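have a look; sequence and predicted model below, questions after that.
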Amino acid sequence: MITNLHPKLTNGLNDYPEVNDFSGGTLQCLCESNKVEVKIDAQTLHNHACGCSKCWKPEGATFSLVAVVPSEKVQVIHNEDKLAIVDETAAIQRHFCKECNAHMFGRIENKDHAFYGLDFVHTELSADKGWSAPQFAAFVSSIIETGTPTSEMGDIRKTLNDLGLPTYDVLSPELMDVISAKAAELNGTLKK
Ligand SMILES: N[C@@H](CCC(=O)N[C@@H](CSCO)C(=O)NCC(=O)O)C(=O)O
């Protein structure tokens with residue numbers, strides 16, 4: 001297996017010493033100076049490896065590591081003027097640093113979206129230890145869209161499974177249920 005899944009997955013999940021009462025920390029962009037800083041006043045949820053083409057990945061990585069946190073707990077505290085939105089038409093408005101390209105947070109502005117109220121963040125941009133560990137791998141088949149040969153997919157899924165990350169080609173069943181429940185709520189068919 002030569003594929004670089006993600007530098008933070010090289011040592012298994014040892015780079016994610018999740019701490020039970022962890023209450024947040026600060027993300028910093030990759031600039032040498034005048035870093036964009038984002039303060040998060042909560043533990044993250046649903047941390048996962050994401051193979052989609054839109055989520056930010058460090059140089060050379062096949063997967064992104066991305067988690068969610070309530071938007072109200074996310075605050076830009078330094079150099080906000082360096083941020084811009086990758087794609088204003090996307091469901092997730094990814095705010096990235098115009099100098100180093102790191103995505104600092106992704107916000108959902110559509111109130112009818114199942115994940116409205118949550119921001120997507122990459123806790124590898126934080127020096128603080130205790131963030132939630134990745135729990136699954138999502139959008140795995142999507143890595144083919146960014147150049148992974150189909151012949152490598154079996155090995156990649158096995159490596160992720162061996163790390164303890166179940167693999168899905170969309171999001172986890174739990175999150176897909178949330179998406180479908182929102183759709184049912186909007187069309188009036190939701191039963192609890
Ligand atoms: N095959 C596509 C999938 C893109 C996609 O749907 N990405 C998800 C990932 S979010 C984090 O797991 C998504 O919800 N995107 C919404 C958005 O980007 O606004 C591809 O690879 O591009």
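That came through fine.

can you show me the helices along this protein?
153-162, 173-187 (DSSP state H).

and for the closest residue to residue 78 other than its chain neighbours, the neighbour number?
Distances taken as C-beta to C-beta, 6 or more residues apart in numbering place residue 37 nearest to residue 78, at 3.9 Å, with adjacent residues excluded. For the C-beta atoms, the positions are set from N, CA and C on the backbone; glycine is no exception. Under the neighbour criterion other C-beta atoms under 10 Å, residue 37 is assigned a count of 18.

need the contact list for residue 37.
Going by C-beta atoms under 8 Å, 6 or more residues apart in numbering, residue 37 touches 26, 27, 28, 29, 76, 77, 78, 79.

out of those, who's the most crowded?
The member of the contacts of residue 37 that has the most neighbours, counting by other C-beta under 10 Å, is residue 27 with 26 neighbours.

centroid residue for this structure?
With distances taken as C-alpha atoms, centre = their mean, the residue of the chain nearest its centroid is residue 66 (1.5 Å).

correct me, but that one touches residue 47?
Yes: with contacts counted by C-beta atoms under 8 Å, residue 66 reaches residue 47, the gap being 7.3 Å.

pLDDT below threshold where in the protein?
Across the chain, the stretches falling below the confidence threshold (pLDDT under 70) are 1-2.

around the ligand, pick out the residues from it.
Counting by C-beta under 6 Å from any ligand atom, the chain comes close to the ligand at 50, 52-55, 66, 90-92, 138-139, 142, 145.

now a ChimeraX select for only the buried ones of those residues.
Only the buried members of those enter the following ChimeraX selection, criterion being 16 or more other C-beta atoms under 10 Å:
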select :50,52,54,55,66,92,138,139,142
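
residue 123: which of the residues of the chain next to the ligand is nearest?
If you rank those by distance to residue 123 using C-beta to C-beta, residue 66 comes first, at 8.8 Å.

restricting to C-alpha, output stretch 7-25 in CSV.
Extracted in CSV, the C-alpha atoms of stretch 7-25 (Å, rounded to 0.1, in the frame of the first residue of the first chain):
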residue,chain,number,x,y,z
PRO,A,7,-0.5,11.9,7.5
LYS,A,8,-2.5,11.7,10.7
LEU,A,9,-3.5,8.1,9.9
THR,A,10,0.1,6.9,9.4
ASN,A,11,0.3,5.9,13.1
GLY,A,12,-3.1,4.4,13.3
LEU,A,13,-5.3,6.6,15.5
ASN,A,14,-2.5,7.3,17.9
ASP,A,15,-2.4,10.9,16.8
TYR,A,16,-5.9,11.3,18.2
PRO,A,17,-5.7,10.9,21.9
GLU,A,18,-9.4,11.8,22.4
VAL,A,19,-10.1,13.3,25.9
ASN,A,20,-13.5,12.8,27.4
ASP,A,21,-14.0,16.3,28.9
PHE,A,22,-12.1,18.1,26.1
SER,A,23,-13.8,21.5,25.6
GLY,A,24,-12.1,22.8,22.4
GLY,A,25,-9.1,24.7,21.2
